[in-house]
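Engineer: output the structure for:
(chains A and B)
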Amino acid sequence: MWKWLHPYANPEVSYHFAGRLIPWFSKLTFILLFIGIVWALLFVPADYQQGNSFRIFYLHVPAAILSMSIYVAMAIAALSSLVWQIKLADASAAAMAPVGAVFTAIALITGAAWGRPTWGTWWIWDARLTSELILLFLYLGVIALHNAFEDKTLSGKAAGILALVGVVNIPIIKYSVEWWNTLHQGSTVSKLGAPSMASSMYWPFLVCFIGFICFVTWIICLRFRNEILARNAMRAWVRDLVNNTEVK
Amino acid sequence: MNPRRKKRLTIVLSLLIGIGIISGLVLYALSQNIDLFYTPHEVVHGKDDTGIKPKVGQRIRVGGLVVVGSVKRDADNLKVQFDLTNKGEVITIKYDGILPDLFREGQGIIANGTLTQARVLEASEVLAKHDENYIPKEIADSLGEGHEAPKYTKEQLKEKG
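Structural biologist: Take a look at the predicted model:
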């Protein structure tokens, strides 16, 4: 059953596989984000209450959803690295952490910028905002642990354990707006069932969201390749690769 | 799966389940403190599951819907008084300051301040709660749900400094 996955445990195979994905995802990112952002900023009708400030939705919501999805992906990679000791899973977790941290920061900053005109405050310690801030600290902890020890296996293990422990925070973020009274509103789109917004506002969101997914995949592929090279710098195939590119 | 991997998987999974249970219990114990605000119904009757009730003089947040027709604003300063409601109970909010753009009758509002009488809150901060619904302006207008931000004259704003 797992046989088709086995070749990808080889760093060289994975390096070239990620390399083949990069041009596709980079092109898709440019096309989708261009269409999505132009559509969202210029053609979508303004909200009846918030006016134009609601347009930050098209950046805030994809960033917030992805900050959680990347964390779950990172935790799954950390789990396979801890249990099956797959070195590449560790490399991919290290590649994902900073990307997730940046998206968490984007979600927090855009949220504050939207909260000021809409709610009347930049920040409030409600359950949704606080748990998202904790997510940022978890990411920073994971990044710090990945760089804490000279030995990559050891630091990967420490970072992996933190990543797995932090997973309990994900359902708390997701359901905080349902479990407790919060200032933050409930989910508009990230739920089962129809979105709570008009379809003329929803379609550009989907385009932006898929665009951001492609962007994240692209960046993670780039970082993953770098991680593989850095961790296999002493291998013959990396030397050949480096020597060949220098000739060009 | 070989025994070593099985052992590691068991350790990791039991660690996760343990942490999950612990944080679940902690959150359950803290659930009243995590709530950002009391609803008017909870101010009068206490929280649903614990019956905790805010005392007069306590600093709390109250969140509810602004009662239609209850907003009274002074013509020459920023003082405003309105009622918040939910589940049939009403709390009166007194506030001296600029209301957020989203403030209107029927809107969800969170007021942060001191409970001066059993059903009166002297607010120092009023925040508008936005719901998860987004509606284009044209559609809202055709539904008769147009919205206008609260307006202030120059004299009113000057007084605030």
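Engineer: partner residues bridging residue A:197?
Structural biologist: With DSSP bridges as the criterion, residue A:197 is bridged to residue B:134.
Engineer: who touches it in this structure?
Structural biologist: A:188, A:189, A:205, B:133, B:134, B:135 (C-beta atoms under 8 Å, 6 or more residues apart in numbering or on different chains). (Each C-beta comes from the backbone N, C-alpha and C, glycine too.)
Engineer: tell me how far the longest helix along chain B is from the chain's mean position?
Structural biologist: The residue-count maximum for a helix in chain B (DSSP state H) belongs to helix B:3-34. Computed by C-alpha atoms, centre = their mean, to the nearest Å, the chain-centroid distance of helix B:3-34 equals 31 Å.
Engineer: that helix close to chain A?
Structural biologist: Yes. Counting by C-beta under 8 Å from any C-beta of the partner chain, chain A is contacted by helix B:3-34 at B:5, B:8, B:9, B:12, B:15, B:16, B:19, B:20, B:23, B:27, B:31, B:34.
Engineer: was I right to think the fifth one contacts residue A:167?
Structural biologist: If I follow you right, that is residue B:15. No. Counting by C-beta atoms under 8 Å, residue B:15 stays clear of residue A:167, with 10.7 Å between them.
Engineer: and the two? Which one has more around it.
Structural biologist: residue A:167 (19 against 14; other C-beta atoms under 10 Å in any protein chain shown).
Engineer: am I right that that one is in a strand?
Structural biologist: No. Residue A:167 is assigned helix when assessed by DSSP: H, G, I helix; E, B strand; the rest coil, not a strand.
Engineer: who's in contact with it?
Structural biologist: Applying C-beta under 8 Å, 6+ apart, the residues near residue A:167 are A:71, A:72, A:75, B:16.
Engineer: switch to 7 Å and redo it
Structural biologist: Listed by C-beta atoms under 7 Å, 6 or more residues apart in numbering or on different chains, the contact set of residue A:167 reads A:75, B:16.
Engineer: how far away is it from residue A:75?
Structural biologist: Distance of residue A:167 to residue A:75, computed by C-beta to C-beta, to the nearest Å: 5 Å.
Engineer: quick one: average pLDDT of the longest helix of chain B?
Structural biologist: Averaging pLDDT along helix B:3-34 yields 84.
Engineer: the next helix or strand after it packs against which elements?
Structural biologist: The element immediately downstream of helix B:3-34 (helix or strand, assigned by DSSP states H and E) is helix B:40-45. With contacts taken as 3 or more C-beta pairs under 7 Å, 6 or more residues apart in numbering or on different chains; DSSP states H and E, helix B:40-45 sits against strand B:59-66, strand B:79-86, strand B:89-96.
Engineer: near chain A, anything from the last one?
Structural biologist: No. Among the residues of strand B:89-96, none lie within reach of chain A under C-beta under 7 Å from any C-beta of the partner chain; the closest is 11.5 Å away.
Engineer: tell me what the helix or strand residue A:102 falls within is packed against?
Structural biologist: Take DSSP H and E as the rule and residue A:102 turns out to sit in helix A:87-118. Packing partners of helix A:87-118 (3+ C-beta pairs under 7 Å, 6+ apart): helix A:57-84, helix A:127-146, helix A:152-165, helix A:199-231.
Engineer: and the direction of it versus that of helix A:152-165, what angle?
Structural biologist: Helix A:87-118 runs at 40 degrees relative to helix A:152-165, counting by axes from the mean of the first three to the mean of the last three C-alpha atoms, to 10 degrees.
Engineer: give the rounded mean pLDDT of helix A:87-118.
Structural biologist: pLDDT averaged over helix A:87-118 gives 93.
Engineer: same question for stretch A:182-200.
Structural biologist: On average, stretch A:182-200 scores 79.
Engineer: give me the distance between that stretch and the centre of its chain.
Structural biologist: Counting by C-alpha atoms, centre = their mean, stretch A:182-200 comes out at 21 Å from the chain centroid.
Engineer: the nearest residue to residue B:72 once chain neighbours are set aside and residue B:92, how far apart?
Structural biologist: Nearest residue to residue B:72, sequence neighbours excluded (C-beta to C-beta, 6 or more residues apart in numbering or on different chains): residue B:81, at 4.8 Å. Taking C-beta to C-beta as the measure, residue B:81 falls 6 Å from residue B:92.
Engineer: residues from chain A in reach of chain B?
Structural biologist: By C-beta under 7 Å from any C-beta, the part of chain A that sits against chain B consists of A:45-49, A:54, A:79, A:82-84, A:117-121, A:126-127, A:164-165, A:167-168, A:180-183, A:185-188, A:196-198, A:200-201.
Engineer: filter the residues you listed down to just the buried residues.
Structural biologist: Among those, those classed as buried by 16 or more other C-beta atoms under 10 Å in any protein chain shown are A:45, A:47-49, A:54, A:79, A:82-83, A:117-121, A:126-127, A:164-165, A:167-168, A:180-183, A:185, A:187-188, A:196-198, A:201.
Engineer: contacts only, for residue A:166.
Structural biologist: Each residue near residue A:166 by C-beta under 7 Å, 6+ apart is listed here: residue A:138.
Engineer: try it again with 10 Å
Structural biologist: A:71, A:74, A:75, A:78, A:134, A:135, A:137, A:138, A:139, A:141, A:142, B:19 (C-beta atoms under 10 Å, 6 or more residues apart in numbering or on different chains).
Engineer: try residue B:75
Structural biologist: B:153, B:155, B:156.
Engineer: and the residues you listed as a markdown table, adding neighbour count?
Structural biologist: Putting the contacts of residue B:75 into a markdown table (neighbours: other C-beta atoms under 10 Å in any protein chain shown) gives the following:
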| residue | neighbour count |
| --- | --- |
| B:153 | 9 |
| B:155 | 10 |
| B:156 | 17 |
